[in-house]
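Visitor: heads up, no residue letters with this:
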Ligand SMILES: CSC[C@H]1O[C@H](OP(=O)(O)O)[C@H](O)[C@@H]1O
């Protein structure tokens, strides 16, 4: 059964794209047209689109949008550099731009725009297939939990690695959706994911899909793991280094530590486009620092149901806001990819270098 996104996270519309604006979720579902390179770069930087695979696809469309106006060498280089500078950690962005550059640079300018749209569309469609395959492979983990004990399989996740973060079913949530579609009882524990609260997107997705779940405060994860109330942890990833060290949303590493201490298996779900074989280990992964206001303010609806932002601490409060952390390979029980599940650090067995992996 193929997962169909309730609202496409990105789709071509003439010489531009229409995105689902994630800064409005979960309060409102609004789409937004992106018609220029600058609008695409802003959408990625400001997280109107977010999630590693979706960032990559959006960047690919951004190149197509730019080349539709000017397909010369300088314009192509400018588009690639502008988009590459938007967010540093998710390697899917750089993977997609590398793929676009390799496809387009050898072409005559007159042939580039059409080829760029085709390549962007191919990246989007491939991501749908990739998510589906991750779902199939991850399903086996949920099935084995379901076979071991009565009641729903209790899966903890962090951040949002569901359909809104991709062009398909998601990464970490793809196995959950696959289980739910097959009638396997599953209950997802969703951590809030301060400061940007991507867990609210996960809770919204699961609610819309009718998948039982509970939103938890980030700091509740350790207690729930220690009390034996979690069977399996699955999170997404933004970059997996060659040795299996994995960057994901800040807070992931604490969950992996608590899971290991409690004897709960901890898995990462990530496609090939998230694997960075050129990056030796987690210490070499660039970690994005984001604006202080992400911690100092909260966004939501006011008493009248209108969108509002509240400042919860003085604007000059000193803040550190690393958006990601690195979970060492030793804490990861496996990485669920579109080609199967590999031990962290053994990804080359699924993606041999001779196939052209970075
Ligand atoms: C499907 S990977 C999603 C990945 O993206 C998140 O980052 P962000 O919300 O900053 O784009 C996070 O690390 C998730 O695991």
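Guide: Thanks, I have the structure now. Note that this is a predicted model, so its numbers are computed, not measured. Residues are numbered from 1 along each chain as shown.
Visitor: contacts, neighbours, all on C-alpha from now
Guide: Fine.
Visitor: any idea how far the residue nearest in space to the middle of the chain is from the ligand?
Guide: Centroid check for the chain by CA atoms, centre = their mean gives residue 51 as the closest residue, at 2.9 Å. Using CA to the nearest ligand atom, to the nearest Å, residue 51 is found at 3 Å from the ligand.
Visitor: now do residue 29
Guide: 17 Å.
Visitor: that residue - how many residues pack around it?
Guide: If you count neighbours by other CA atoms under 10 Å, residue 29 ends up with 12.
Visitor: now do the same for it: helix, strand or coil?
Guide: Using DSSP: H, G, I helix; E, B strand; the rest coil, the structure places residue 29 in coil.
Visitor: domain ranges for the protein, per the record?
Guide: 10-126, 133-355 (automatic domain parsing).
Visitor: quick check: residues of the stretch 1-150 of the chain near the ligand?
Guide: By the rule CA under 6 Å from any ligand atom, the part of the stretch 1-150 of the chain lying against the ligand is 50-53.
Visitor: just the buried members of those residues?
Guide: Among these, those classed as buried by 16 or more other CA atoms under 10 Å are 50-53.
Visitor: how about JSON lines for the residues of the stretch 1-150 of the chain next to the ligand, with pLDDT, secondary structure and distance to residue 39 added?
Guide: Converted to JSON lines, these look like this (pLDDT from 0 to 100; DSSP: H, G, I helix; E, B strand; the rest coil; distance: CA to CA, whole Å):
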{"residue": "50", "pLDDT": "98", "secondary structure": "coil", "distance to residue 39": "14"}
{"residue": "51", "pLDDT": "98", "secondary structure": "coil", "distance to residue 39": "18"}
{"residue": "52", "pLDDT": "98", "secondary structure": "helix", "distance to residue 39": "18"}
{"residue": "53", "pLDDT": "98", "secondary structure": "helix", "distance to residue 39": "19"}
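Visitor: now the residue nearest to the centre of the chain: closest residue in space that isn't a chain neighbour?
Guide: Spatially, and ignoring its direct neighbours in sequence, residue 51 is nearest to residue 165 (4.1 Å; CA to CA, 6 or more residues apart in numbering).
Visitor: how many other residues sit next to the one you found?
Guide: 25.
Visitor: now the strands for the stretch 201-350 of the chain?
Guide: 213-216, 232-235, 239-241, 246-249, 266-269, 275-276, 297-301, 307-311, 324-327, 334-337, 340-342 (DSSP state E, counting those that start in this stretch).
Visitor: partners of the shortest one in the sheet?
Guide: Right, strand 275-276. Using DSSP bridges, the strands paired with strand 275-276 are strand 239-241 (parallel).
Visitor: would the strand it pairs with count as contacting the ligand?
Guide: No - Strand 239-241 lies out of reach of the ligand by CA under 6 Å from any ligand atom, never closer than 8.9 Å.
Visitor: who touches that strand?
Guide: With CA atoms under 8 Å, 6 or more residues apart in numbering as the contact definition, strand 239-241 has outside contacts at 89-92, 246-248, 274-282, 285.
Visitor: which of the residues you listed are buried? Put it as a PyMOL command.
Guide: A single PyMOL command selects the buried members of the contacts of strand 239-241 (16+ other CA under 10 Å):
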select buried, resi 89+90+91+92+246+247+248+274+275+276+277+279+281+282+285
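Visitor: so which of the contacts of strand 239-241 belong to helices?
Guide: 91-92 (DSSP state H).
Visitor: on that earlier part again, residue 2: which of the domains of the chain is closest?
Guide: Residue 2 sits nearest to domain 133-355 of all the domains of the chain, at 8.7 Å, using CA to CA.
Visitor: mind checking the end-to-end distance for the closest one?
Guide: 19 Å (CA to CA, to the nearest Å).
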